[in-house]
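>>> Any chance you could fold what I've pasted below:
(4 chains)
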Amino acid sequence: MNTKVNLCGVELQNPVIPASGTFGFGYEFTQWYDINCLGAISVKGTTEKERFGNIQPRIAEAPSGLLNAVGLQNPGIEAVLAHELPELRKVYSQPIIANISGFSKEEYVKSCALADADENVDLIEVNISCPNVHAGGMSFGTEASSALEITKAVKAVCKKPVIIKLTPNVTDIASIAKACEDGGADGVSLINTLLAMRIDLKTKKPLLGNVTGGLSGPAVFPVAVRMVYQVYNAVKIPIIGMGGVSSAEDVIELMLAGATAVQVGAANLKDPCACRDIIANLPKAMEKYNITDLSKITGGAH
Amino acid sequence: MNTKVNLCGVELQNPVIPASGTFGFGYEFTQWYDINCLGAISVKGTTEKERFGNIQPRIAEAPSGLLNAVGLQNPGIEAVLAHELPELRKVYSQPIIANISGFSKEEYVKSCALADADENVDLIEVNISCPNVHAGGMSFGTEASSALEITKAVKAVCKKPVIIKLTPNVTDIASIAKACEDGGADGVSLINTLLAMRIDLKTKKPLLGNVTGGLSGPAVFPVAVRMVYQVYNAVKIPIIGMGGVSSAEDVIELMLAGATAVQVGAANLKDPCACRDIIANLPKAMEKYNITDLSKITGGAH
Amino acid sequence: MKKSIFEIIENRSIAKDVCLMRLTGDTSAITAPGQFVNIELEGFYLRRPISVCDWEYGVLTIIYKVVGKGTEKMSAMTAGEKLELLTGLGNGYDMTLSGERPLLVGGGAGVPPMYGLCRRLTAQGKRPTVILGFNTAADVFFAEEFKALGANVIVTTVDGGVGVKGFVTDAMKELEYSYFYSCGPEPMLKALYNASATEGQLSFEERMGCGFGACMGCTCKTKYGNKRICKDGPVLKKEEVVW
Amino acid sequence: MKKSIFEIIENRSIAKDVCLMRLTGDTSAITAPGQFVNIELEGFYLRRPISVCDWEYGVLTIIYKVVGKGTEKMSAMTAGEKLELLTGLGNGYDMTLSGERPLLVGGGAGVPPMYGLCRRLTAQGKRPTVILGFNTAADVFFAEEFKALGANVIVTTVDGGVGVKGFVTDAMKELEYSYFYSCGPEPMLKALYNASATEGQLSFEERMGCGFGACMGCTCKTKYGNKRICKDGPVLKKEEVVW
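Numbers count the residues shown, from 1 in each chain, chains lettered A, B, ... in the order given. Coordinates of the predicted model:
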């Protein structure tokens, strides 16, 4: 039974990757399990400069999910490369995906070039879809033209595979994925969170400090399946599927829709052992559904 | 304690309205409770001609929600006006909202004109956002220009209030609401369902006959709150909020976001008495949150 | 139709992936065998529609197949736990058409509603023959219970492990009957439709949204127009079925 | 930190909207008073973080306020039911700094962690004074339990229904103490921060995502840099707090 997949030329022992922003820089999860069972890790979203992120509260509950408005809290690209990734490398030997956000094309280019030159980084995920920052972020991901522009600029300075992370808060995600492919992207990852909001009935004001936040968790899974399915029809580059994945069955469902690998986000926050358990359950689920080679099922529902 | 609200000049005894497609033509619900407790009823989506709708299966389960791809099954506008609404009127004396869909501007105009002339119809909801039909439907609702065009055309033949029902599957719902307002709409209603999909792991094919379907239920509620909040910032006309409403607290939350009235959809399918219970719980919830007049809280979170 | 709370009296496995649950509660809305109940389960948005096996005043018996996470959860419940049910859903079988010697055909998860029907028909003095179709011997259940009602019972298994080897239609060939009633997977219903010598009634399954006719999720075409399996069905007359 | 299943031994109301729950399970990951557990509840996506009141080998005591649907659901649970907990979360109080006569200040839902702390401090031969602040007499709980530990206990209520009328800081004025430990609503902590004559530790609340440091949902600024309330807190030293 084979769980190996090839993601943009990088072999993963299985397709399960903790999603950026739900796994820190990974090494703290060694308190829960040996993280070397993971397919890869997409580390916390990183900007050129250190960011504190948004004011509190940053978290709200939702039916079958949660809203977050963390706002890219991170120590900045140099600290990430100098301290966080070496710390992760001490306990982890599988691929590392840097996750880069920015507020201008120049910032994306600068951070990606630094990540590309770092020995600990295997792939670069470029987040043009963060809903929780007020300049840049998601705005680059809502238009095909700006998605194309960022992709081209980043690809010009990167030798490692570049994966563009897309927002679901658009009318036509397939056209944006196509623009990324046209710009030279090696892959796309989707979906980031759905822009959402809760109101505190006691104060009668928005519950989150940032007013809106990103909805993730099982609630968004059927939207993720649909978008991965649509994007698979539109592009030839690999897709990392994500959005509410919580079980080995969900991994298989997203791969059938068109994903080559799968990220697990909110589930890590509900259960620190989620990724380990999903990976452990994969062979059993494969057997149940008569799958012998996971790498062969991508797009099988088309 | 006042639960009355005024929706586009029509007084409702409370803001709770069963959403189109989840309540049939209403009269069958009298087997569960006296439907005269409702604020209004938005009846099954109606097209010019009779439609069978999509092939089976039309329903799939989802975390905190369901997908449907019914595809506007209905007996056609003439049969609705001649048989269904009179049947409803026998047992129901509160306002009736006709819900009109179409595949061309001409069809919308024709059906709306017939509804406008019918004595049983109090308001007209124009659905430019059905995700489950392959021509027309949602495509009119994903562009401000076509939303404007349909609105203008319909308004030209209607004396009764016209409410345009919007899709959430867009990058910028506020701009589309604004286009409807510019076209003379008396109100907007949102959100219709989120376009979604499930795959059957046994057959490895899309579970729904229509491939994709619309996600509704509590899963989408935080997206509905966000969109109602954004649209309230963009337009002055009343908003009917909907999307996963399941409790009196949800009604209050959507009204604080900007809704004048609220539709209840998926909850009717899980529990036939959902609307009755929400209405019965409203005074208690109002008391808990120090609300004496529901008509005064619209947009209170801004 | 009624919405009310039932309490589990017993819940046990009676065959491979098949459980029997008895509950106590208000059964007054159940008016005909072949109707179903729709069961709310915590953690699942849609209710689980399960056919009524039998009922009497205050007591409901259902038999359900464990096919997914919802029914798995049901199978782990124990006496004393409570469930919210919608009862009296669907049309059920019309018993007035049975004649003296009706044939009852149940396949797999379609066996349970035949029991409540068989009990009522025998109580009316009819002499039903019952064919119960399963895949293997491990799947067989309720054959003895049907015999205890006084019915003539034929069990079929696809692999021949018990009873007649083959499908339910293989056991029908030599039989004489006045009318037929059936419930089972669609291929079985279709074979039966073609093999049957008389008029009869067929109970269909479809993915349902509400279970009480509101959402049009389970509509199918019939010779008498569109019908909602949950409300206008699940039982259709042979004469109206469109395949 | 550990993830494991606990079984409820008892669960009862001890004051208005306040319940005490004792559970049996693996408490080995709990290393300091002031830590918390994160409880999974069916039907809710996020766990409920609840401070540890006290623990011993195999037995955990928590006291929680019923504030929403999750804690309402918890309050309806009974002995024998099981819950999945993450245990040993947060830093907890540093007891090495207490001195001989520490002051422990708990307000409302901040009272419980003071109990486990008080028991351990008295076991070390310290002589703690405990101030327990509530709104009204109906809200008061655990005053007798603290007295049974041998502590000097002062109760305050805002309306003066029991004990000293006013806030916890009103009861502090004349006291002598070597150090302070506190837990309670932020306005209380702030007042205490200003009124306190010594160094001390304050336990903060914030809306949490994960409860174990992964999501950065509960980060706050301190003089020693950004800290995650769930992992680097919930206890901060007075010297590092930024209001």
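>>> pLDDT of stretch A:90-99, averaged?
On average, the pLDDT along stretch A:90-99 is 98.
>>> and that stretch with chain D, contact?
No. On the criterion C-beta under 8 Å from any C-beta of the partner chain, stretch A:90-99 is out of touch with chain D, staying 13.4 Å away. Every C-beta, even on glycine, is put in place using the N, C-alpha and C of the backbone.
>>> mind checking how far that stretch is from the chain centre?
14 Å (C-alpha atoms, centre = their mean, to the nearest Å).
>>> ok, residues contacting that stretch?
A:10, A:12-13, A:17, A:20-21, A:26-27, A:30, A:35-36, A:38-46, A:80, A:85, A:88-89, A:115, A:118, A:120-125, A:127, A:163, A:165 (C-beta atoms under 8 Å, 6 or more residues apart in numbering or on different chains).
>>> Which among the residues you listed count as buried?
A:10, A:12-13, A:17, A:20-21, A:26-27, A:35, A:38-46, A:80, A:85, A:88, A:115, A:118, A:120-125, A:127, A:163, A:165 (16 or more other C-beta atoms under 10 Å in any protein chain shown).
>>> which ones among those are found in helices?
Among the buried ones among the contacts of stretch A:90-99, DSSP state H puts A:85, A:88, A:115 in helices.
>>> can I get these in a markdown table with distance to chain D?
Listed next are these as a markdown table, based on distance: C-beta to the nearest C-beta, whole Å:
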| residue | distance to chain D |
| --- | --- |
| A:85 | 17 |
| A:88 | 14 |
| A:115 | 20 |
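>>> Show me which of these is closest to residue D:82.
Closest approach to residue D:82 among these (C-beta to C-beta): residue A:88, at 35.1 Å.
>>> That closest one: what's it in contact with?
So residue A:88 contacts A:25, A:26, A:27, A:41, A:43, A:96, A:120 (C-beta under 8 Å, 6+ apart).
>>> residue closest to the middle of chain C?
residue C:113 (3.1 Å; C-alpha atoms, centre = their mean).
>>> Partner strands of the host helix or strand of residue C:201, with direction?
Taking DSSP states H and E as the definition, one finds residue C:201 inside strand C:200-203. Partners of strand C:200-203 in the sheet, by DSSP bridges, are strand C:180-183 (parallel), strand C:235-237 (antiparallel).
>>> And the longest helix seen in chain C, what does it pack against?
Taking DSSP H as the criterion, chain C has its longest helix at helix C:112-123. Helices and strands touching helix C:112-123, by 3 or more C-beta pairs under 8 Å, 6 or more residues apart in numbering or on different chains; DSSP states H and E, are strand C:48-56, strand C:59-65, strand C:103-107, strand C:129-134, helix C:143-148, strand C:180-183.
>>> nearest to residue D:243, of the ones you listed?
Here strand C:48-56 is closest among the helices and strands packed on helix C:112-123 (C-beta to C-beta), at 52.9 Å.
>>> Which parts of the closest one count as buried, going by neighbours?
C:48, C:49, C:50, C:51, C:52, C:53, C:54, C:55.
>>> quick one: which of the residues you listed is nearest chain B?
residue C:48 (10.0 Å; C-beta to the nearest C-beta).
>>> if I pick that closest one, what's in contact with it?
C:38, C:39, C:41, C:64, C:70, C:71, C:74.
>>> Export the helices and strands packed on helix C:112-123 as JSON lines, with columns for distance to residue A:139.
JSON lines is the format used below for those (distance: least, C-beta to C-beta, whole Å):
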{"stretch": "strand C:48-56", "distance to residue A:139": "45"}
{"stretch": "strand C:59-65", "distance to residue A:139": "51"}
{"stretch": "strand C:103-107", "distance to residue A:139": "58"}
{"stretch": "strand C:129-134", "distance to residue A:139": "61"}
{"stretch": "helix C:143-148", "distance to residue A:139": "67"}
{"stretch": "strand C:180-183", "distance to residue A:139": "57"}
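>>> between these, which one is nearest to residue B:5?
Of all the helices and strands packed on helix C:112-123, strand C:48-56 comes closest under C-beta to C-beta, at 36.4 Å.
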